[in-house]
Every structure is written in C-alpha cells, then in structure tokens.
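> Just need the structure, nothing else, for what follows:
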Amino acid sequence: MDVAAQAPNSIAGATISAVLTDRTGPLVPPGTLSLLLVGDAGNTYRVTHVWPMNWQDWPYQPASYSGNSGTCSYSASGNTGTLDCNDALMGHAVTTLTYSDGAFRSYHLNAGPYAADYDSVELFSGAAPASPASSAYYVQVEYGLAPFAATGSLLLKLASDASSYTIIGDGLNTFDSFGTYSHARINRATRQLNLLNDSLTGNSTAYFSYSNAIAGQIVLKQPSSGGMLVGRFINPALVITLEGQEVLLSWPALFGGFVVESSTNLAGAVWDANCPAPVIGAGVCRVTLPIPDRHTFYRLSSP
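Here you go, the predicted structure:
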C-alpha cells in the first residue's frame, strides 16, 4: 500500500483538530471546531470545543458543552484509523478516521443514537516545548469572532518570568495588549496557555498544537462566550552555520527584536546575552561570531 495512504500506527500524545459538518442527536452545532487531545500513553483523551461563528443562533449556550473525556484504544488498518472510546458523557463511542495523501481527511463519530461527521481534519503530532517562557509566536489569523480579530497577524511574546506576556498587533486588524498567563502541558503535541487579564480581551484560553518543532495551530477562546480565534503560528528558528573561522547565526527578520544568548553548559545553564546585535537584511537577522574554543549552545530569547 502507498505509504501516503497508510493511517499512522499510533496517535498517542497527538491532537486532532476538526470541524463538525453534520450530526444527529444533541451534539455541538455544525461549524464547531473541536480538539481531540489524546493522552501520551494513548489510552485516555479529552475533547474541547470552540464555538462556531453562528453560535448565538443555537438554543444551547457554550457552557452547556464544556467537552468530553474518557478512555480509549486506537488501531489502524490500511487508510483507516479507529479510536474506540468509553466516553464520560456519551458512553461507548467509535471514531473512524480516514487517511490519504499523508493526512487525515475526515472522521465519523458513532455513539449509540448519536452520530457526527467532521472535515478540515488535521493531526498534530509534534513536540510542544517543556516551558513557553521566553518564547514568541507569530500568529496568522485564519478566522475569529469578537472580541478577537477575524483576519490579520500578531506577535505573542512570553516573558522569561513565565508569568507575563505582550501582544504586538499589526495595527490594522489586531492591536497591542498585555497581561499575565499560566500554562500546562496537555499532551505531547499541545500546550495550554491561560491568558489572564488581557488589557483588551480579558481572560481566554489558548491551545498551541505543534505539527513540528516550530509551527502549528493556535486555538483561542473565551470562557462561556463565543469569542474565539483560530490561526497558524510559527516560532523563530535559529539556524547555525560555519563560514570559515566564524559561526553564522541567523533567523527570520520578523523576529528582529530577539537576541542571541549562549551557554557552555545546559545542566543548570546560565545564559549569556552579550552577543552582538543582529545585522538585518533580505528578510534575515544575522549575527557573526568567532568559533568558540569550547562546546557552546545558542538560543534566541525574547527581550
């Protein structure tokens, strides 16, 4: 069988994002984006819902559907993955995922009298960072509902103190704000950030699901309301190359406010920020250093 049509053998620690297109029974309304978050061991899961643009027209308030959880097992055969669940709300439920061209294309949920079909299915199986401190996320907004933007871009910068953040908006559709945050690792692929007391939007919850080491999907929602944002994010990647007797460090100019830090020991590392300021040109930031006389580690840090 074509490898591109073979469903993955495991989805342990992965997150599946999908949009409900049709359903029978008192499930969430069509248009709802749901995140299926599988535990790292592959035998538990939880589901969180992000409400559709037209949720105000639905007879049930968002708080009525806070999400599902339960135990599960997964198997794959050909282009089909099957997730067999014992759900705390629906009882026995079977989710069938259809795979082709290197990705899941649809999934169907059958839970006794209830059934649902989803499309816009995406599997996130990258590794979320252990801590978001000193991280930054460039976000391209795909759609949203007030008080969040429906289009535009923003830069979310998390301070090194692991408790405060700033947002730099594009000034057209998104705007600057700031606040504090707490965070938790949901599974291998997804980290949850609770954005608290934002100066523009108040409290909200963000789910960062990684497709690889630097990029993925952000889902942002307000508690008990229809406010939400869905977009794509990318973290700055530091590229290190040798040029003669020098080390060239480079990263996208979009993250021009970042600085290079170095350390000679990752065990209890103390990071030194005394590197030259970057030279910016052709969309790239560059820092050139002499080759060190000992093992040296480099990272980007958000000031």
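> which secondary structure elements does the strand or helix carrying V219 contact?
V219 is located in strand 215-221, with elements delineated by DSSP states H and E. Counting contacts by 3 or more C-beta pairs under 8 Å, 6 or more residues apart in numbering; DSSP states H and E, strand 215-221 packs against strand 114-124, strand 136-145, strand 202-210, strand 228-234. Yep, even glycine has a C-beta here, placed from its N, CA and C like the rest.
> ok, now with 7 Å
Applying 3 or more C-beta pairs under 7 Å, 6 or more residues apart in numbering; DSSP states H and E, we find strand 215-221 packed against strand 114-124, strand 202-210, strand 228-234.
> What pairs with it, parallel or antiparallel?
Here strand 215-221 has these sheet partners by DSSP bridges: strand 202-210 (antiparallel), strand 228-234 (antiparallel).
> mean confidence for that strand?
In this model, strand 215-221 has a mean pLDDT of 94.
> How about stretch 168-178?
91.
> Contacts for that stretch, please.
141, 149, 151-155, 165-167, 198-201 (C-beta atoms under 7 Å, 6 or more residues apart in numbering).
> With stretch 265-276 instead?
259-263, 287, 289, 297, 299, 301.
> end to end, how far does stretch 262-282 reach?
Terminal residues of stretch 262-282 lie 25 Å apart, using C-alpha to C-alpha, to the nearest Å.
> Where do the domain boundaries of this protein fall?
3-124, 136-234, 239-301 (automatic domain parsing).
> quick one, which of these is nearest to A130?
Among the domains of the chain, the nearest to A130 by C-beta to C-beta is domain 136-234 (7.6 Å).
> What separation is there between the nearest residue to L156 once chain neighbours are set aside and I291?
In space, and not counting its chain neighbours, L156 is closest to Y137: 4.5 Å by C-beta to C-beta, 6 or more residues apart in numbering. For Y137, the distance to I291 (C-beta to C-beta, to the nearest Å) stands at 32 Å.
> neighbours of L145, just the number please.
Using other C-beta atoms under 10 Å, L145 is surrounded by 22 other residues.
> Return the set of residues that bridge with it.
Residues in a beta bridge with L145, per DSSP bridges, are M228.
> Against G81, how distant is it?
31 Å.
> Over to I168?
Counting by C-beta to C-beta, the gap from I168 to G81 is 39 Å.
> Could you check the pLDDT of the spatially most central residue of the chain?
Centroid-nearest residue in the chain, with C-alpha atoms, centre = their mean: F208, separated by 2.1 Å. The model reports F208 with a pLDDT of 96.
> contacting residues around it?
Per C-beta under 7 Å, 6+ apart, neighbours of F208: 128, 190-191, 193, 216, 218, 233.
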